[in-house]
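Trainee: Next comes the sequence, and after it the predicted model I'd like to discuss.
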Amino acid sequence: MIESGRDRLFADSAGCGGDGAAVFAFDASVAAVFPDMIRRSVPGYADLVTGTGMAAAEFAKSGTRCYDLGCSRGASSFSVAGAVHAAGIADFEVVSVDNSPAMIERLRDALAREDAPSWASFIRPLLSDALDVEISNASVVVMNYTLQFVPIERRQDLIEGVFDGLVAGGALILSEKVVFDDSAEDALASRLHDSFKRANGYSEMEIAKKRAALENVLVPETIDAHIRRLERVGFKTVWRWFQALNFVSFIAVKEG
């Protein structure tokens with residue numbers, strides 16, 4: 001359903017970022033190729049998106065909503081809406097939040113397509129920064145590779161807002177690129193990630209230029225740092241349910 005061009009934004013010296021010094025931004029050029037970019041850059045992404053829908057259906061409750069914070073073009077939103085519909089859960093809304101106008105425009109285009117499934121009506125796009133959204137009556141919140149782009153000093157505030165807005169028994173699905181405390185493990189994970197990108201057709205120049213553009217924009221943390229933050233705001237159950245190289249996903253449950 002979601003069409004995408006081939007990602008060649010960093011394919012030559014005149015491309016995105018020119019000399020590699022430009023800051024990565026989720027603008028129209030990135031939105032146009034985003035599904036291809038993330039598929040070729042993030043190990044296990046397709047399985048994570050499918051699993052996000054499956055996990056959401058386990059926690060979704062009729063009469064509540066899901067917030068997909070940093071939804072980009074809506075892959076996780078579609079997965080959640082489809083899985084919740086298949087589970088027979090009615091009166092459910094997916095609020096798809098992104099601060100990129102280009103991403104929200106692409107999502108709206110997908111929802112307006114003639115071949116959009118009937119359950120796509122569950123999805124409501126919202127152009128907003130995740131930090132400005134008041135989470136309320138949520139049984140599920142999804143943050144797939146979003147928190148890593150939030151300033152570290154604001155991450156606690158965002159997770160607190162998510163916890164406060166979840167109903168009892170609700171869950172946060174949090175996926176992040178991570179770093180490892182052990183330097184050898186971290187170096188190996190980085191090398192394997194670069195190998196993954198090479199295997200998906202990215203050149204050495206593309207890999208290096210994108211890394212430079214993302215520096216100080218995407219700021220990863222350790223697995224322990226994420227778990228400590230989740231427990232600090234009140235989550236009692238934190239489950240690391242998915243991992244592919246240095247990309248990890250947690251399910252954090254708010255007890256009743």
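Mentor: Received the coordinates, thanks.

Trainee: got a list of what the closest residue to residue 84 other than its chain neighbours touches?
Mentor: Counting by Cβ to Cβ, 6 or more residues apart in numbering, residue 60 is the residue found nearest to residue 84 once chain neighbours are left out, at 4.9 Å. The C-beta positions use only the backbone N, C-alpha and C, and glycine is treated the same way. Residue 60 makes contact with 66, 80, 84, 87, 89, 92, 139-140 under the criterion Cβ atoms under 8 Å, 6 or more residues apart in numbering.

Trainee: Please flag which of those sit within helices.
Mentor: 80, 84 (DSSP state H).

Trainee: any chance of the contacts of residue 60 in a markdown table, with distance to residue 41 too?
Mentor: Formatted as a markdown table, those follow (distance: Cβ to Cβ, whole Å):
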| residue | distance to residue 41 |
| --- | --- |
| 66 | 25 |
| 80 | 22 |
| 84 | 28 |
| 87 | 31 |
| 89 | 32 |
| 92 | 31 |
| 139 | 30 |
| 140 | 25 |
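
Trainee: Which of the contacts of residue 60 sits closest to residue 103?
Mentor: Comparing those against residue 103 with Cβ to Cβ places residue 80 closest, at 16.6 Å.

Trainee: got any ranges where the stretch 1-150 of the chain has weak pLDDT?
Mentor: 1-4, 12-22 (pLDDT under 70).

Trainee: Quick one: the helices in it, in order.
Mentor: 28-41, 45-59, 75-86, 101-112 (DSSP state H, counting those that start in this stretch).

Trainee: Could I get the phi/psi values of residue 241?
Mentor: In terms of degrees, to the nearest 10, the main-chain angles of residue 241 are phi -100, psi -10.

Trainee: Pull up the pairing partners for the top strand by length along the chain, direction included.
Mentor: In the chain, with assignment by DSSP state E, the single longest strand is strand 166-179. Here strand 166-179 is paired, per DSSP bridges, with strand 138-144 (parallel), strand 221-222 (parallel), strand 247-253 (antiparallel).

Trainee: Which among those is found nearest to residue 111?
Mentor: strand 138-144 (17.1 Å).

Trainee: picking that back up, of all the helices of the stretch 1-150 of the chain, which one is nearest residue 224?
Mentor: helix 45-59 (20.9 Å).

Trainee: How far off centre is the closest one?
Mentor: On the basis of Cα atoms, centre = their mean, to the nearest Å, helix 45-59 sits 12 Å off its chain's mean C-alpha point.

Trainee: Please apply the same query to stretch 31-47.
Mentor: Using Cα atoms, centre = their mean, the offset of stretch 31-47 from its chain centre is 11 Å.

Trainee: Any buried residues in that stretch, and which?
Mentor: Going by neighbour count (16 or more other Cβ atoms under 10 Å), the buried part of stretch 31-47 is 31-38, 40-45.
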